[in-house]
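**Q** Structure for the following, please:
(chains A, B, C and D)
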Number of protein chains: 2
Amino acid sequence: MTDKQRPHHHGNLREALITAGLDLMEEGGPDALTLRKCAKRAGVSHAAPAHHFNGLISLQAAIIARGHQKFADSMHHAAQQAAPCPQAQLNAICAGYIDFARNHSAVFKFMFLPHDVAMDSLDATTQQELIRDSQASYQILRNACTPFEHNDSVGVSTEIMVWSLVHGYAMLFSSPDKTETPSGPIPEFSQILPKLKLKTEPAP
Amino acid sequence: MTDKQRPHHHGNLREALITAGLDLMEEGGPDALTLRKCAKRAGVSHAAPAHHFNGLISLQAAIIARGHQKFADSMHHAAQQAAPCPQAQLNAICAGYIDFARNHSAVFKFMFLPHDVAMDSLDATTQQELIRDSQASYQILRNACTPFEHNDSVGVSTEIMVWSLVHGYAMLFSSPDKTETPSGPIPEFSQILPKLKLKTEPAP
DNA sequence: ATTAGAAGTTGACACTGTCAAGATGAATGT
DNA sequence: ACATTCATCTTGACAGTGTCAACTTCTAAT
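**A** Numbering: from 1, shown residues only, chains lettered A, B, ... in the order given. Now for the predicted structure:
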C-alpha cells in the first residue's frame, strides 16, 4: 500500500471534473459536456460528481466560472504587453477579449448563454466562484473604460458602448472558420473601436 | 367514422412540430425542446417526427429558420413605421432587432449559438429554409447600412460595426429581467447608435 | 479508539434520441 | 374498380443521460 493504486479518495475530484468538463466542451461543444463522461475521465463512478456539484447545472456553472478566470487572464495578459496609456490599454483589453473568444469559442459562447440559472440551485462553493469570477472579469473592461467615461449630463456610458461593440464582434465573427461574410473580409477590431466617439482625454 | 377523430395523417405535422418547438423553447429554454415533447403536443407518437426531420438537429435548424422569419418581420415592421430617411430607417431596424431579442430572448439567443451544424446533416427542406430565411434577415440590416457605407480606401465596413454594436447590445442587455448593471441603468440603443462615426450623407 | 461524516460505489428509475419493423391510408397506374 | 406503391404514423426496443437511494470505505475530529 505504499503507493496505493486506487486511493478511495480521488484527492481533488472537483478540480478534475472541471478540467474534464472544459476539455469536453472544447472538443465537442456544449452538448458534449456530460456528468457521466466527466466522471469517466476522472476515473470515478458515474454518481461521484453528485458529492461535489449540485447536479449538472452546478458543474456547468463551475465551468463558466473557470471560463471567466481564463477570460480575465487573456485580457490581463494583453493589457500588460501594451503601452500604459488609456487608449492602448483599452485596445489591448478588447484584443484579449476577442482572443479568448477565438481560442475558446465553445466555452466563450457557453458563458454568455441565457443560463436562466437560479443561483440558489447551485451549491455554495460554485455559487461563490461564479459570482466572484464573473464580476472580476467584467471589472477589467469596466476599469479600462473609466478614463473615457463621460462626466457630463446625458452622456451614454462608455462601458456599455464598448462592451456591446466588442461583445457583438466577438460573438458574430470569432468562429474560427467564418472569417468572412458575403460583404467581404472582417476587419480587425482595432480598426472598429476608433469609430466609436470616445472622450479622447482622460478626466482632468 | 363520419368525422374521424384521429385521421391517420396529421395534415401538417411539420408545421405543428415547429410551432410546438418554438413554444417549448420560449417556455423553458433551449433544453426544454425535445422531440418527444413536440410529438406529444402535436398529438402524434414519439417517433413520428423522424419522418419530417432528420433528427433533433434538423428540428432545431427548422426552429432557427422560423426564428429568422419572425426576426425579419420585427425589423421590417419597425422600419415601416419610421420616416423614410436613412438615419430613421437604420434606427428603426436596430430597434426591431432589439425588440425581437427582448420578446423572444430564448429563441434569439438560440439562433446565434455555436451551432456547428453540418449543413449536409439536415434534410433538404430544412436546409433550404435555413439558408433562405437567415440570409433574408441578414439582408435587412445590410441594406439599411448601405447608405452609410464608406467608399474611400480603408474605411471599415459600416455593416460590420453596426451589426457588432446592435448584436452585442441585444445579447448582453436584452434579458427581460436584467435591465441594469452595477454601473447603472442601461440606456436605450437609440442613444448608443449615434456614437458610432457614420457617414452622415448618403452616397452622392 | 470510537465515531460522525465526507467521498465514492452500485443499482435503479424516468426520460431522451434513434433505429427497425409493422400498420395505415392516400395516391397513382392500369 | 382494383392493385400497387409509397409516404405517414405506431409500436417496441436500445443505449445514453441526470438523479436518487442505499451502501461501503476512508478521513478526521473528539
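
**Q** Only C-alpha atoms from now on, for both contacts and neighbour counts.
**A** Noted.

**Q** Does residue A:169 touch residue B:164 like I think?
**A** Yes - assessed by Cα atoms under 8 Å, residue A:169 is found in contact with residue B:164 at 4.6 Å.

**Q** Those two: which has the busier surroundings?
**A** residue A:169 (26 against 23; other Cα atoms under 10 Å in any protein chain shown).

**Q** how about residue A:185, phi and psi?
**A** Backbone torsions of residue A:185, given as degrees, to the nearest 10, read phi -70, psi 150.

**Q** any idea how far it is from DNA strand D?
**A** Counting by Cα to the nearest atom of the strand, to the nearest Å, the gap from residue A:185 to DNA strand D is 39 Å.

**Q** same deal with residue A:121?
**A** On the measure of Cα to the nearest atom of the strand, residue A:121 and DNA strand D end up 10 Å apart.

**Q** quick one: contacts for that residue?
**A** A:54, A:58 (Cα atoms under 8 Å, 6 or more residues apart in numbering or on different chains).

**Q** Kindly state the pLDDT recorded for it?
**A** Looking at residue A:121, its pLDDT is 91.

**Q** Smallest distance to chain B belongs to which residue of chain A?
**A** In chain A, the residue that lies nearest chain B is residue A:168 (3.5 Å; Cα to the nearest Cα).

**Q** Do you know the pLDDT at the spatially closest residue to residue A:88 that is not a sequence neighbour?
**A** Leaving aside its sequence neighbours, residue A:88 sits nearest to residue A:82 (Cα to Cα, 6 or more residues apart in numbering or on different chains; 6.1 Å). The score at residue A:82 is 97. That number is its pLDDT.

**Q** hang on, residue A:82 is in a strand, isn't it?
**A** No - Residue A:82: not assigned to a strand; according to DSSP: H, G, I helix; E, B strand; the rest coil it is coil.

**Q** what's the spacing between it and residue A:27?
**A** 32 Å (Cα to Cα, to the nearest Å).

**Q** Tell me which of those two has more neighbours.
**A** Legend: neighbour count by other Cα under 10 Å for residue A:82 and residue A:27, higher for residue A:82 (16 against 12).

**Q** Around chain B, pick out the residues from chain A.
**A** A:29, A:106, A:109, A:112-114, A:156-157, A:160-161, A:163-169, A:171-172, A:175, A:186-187, A:191-192, A:195-197 (Cα under 8 Å from any Cα of the partner chain).

**Q** got a list of contacts for the strand or helix carrying residue A:125?
**A** For residue A:125, the host element (DSSP states H and E) is helix A:124-145. Contacts to helix A:124-145, defined as Cα under 8 Å, 6+ apart, come from residues A:53, A:58-59, A:61-62, A:64-66, A:68-69, A:71-72, A:75-76, A:86, A:89-90, A:93-94, A:119-120, A:158-159, A:162-163.
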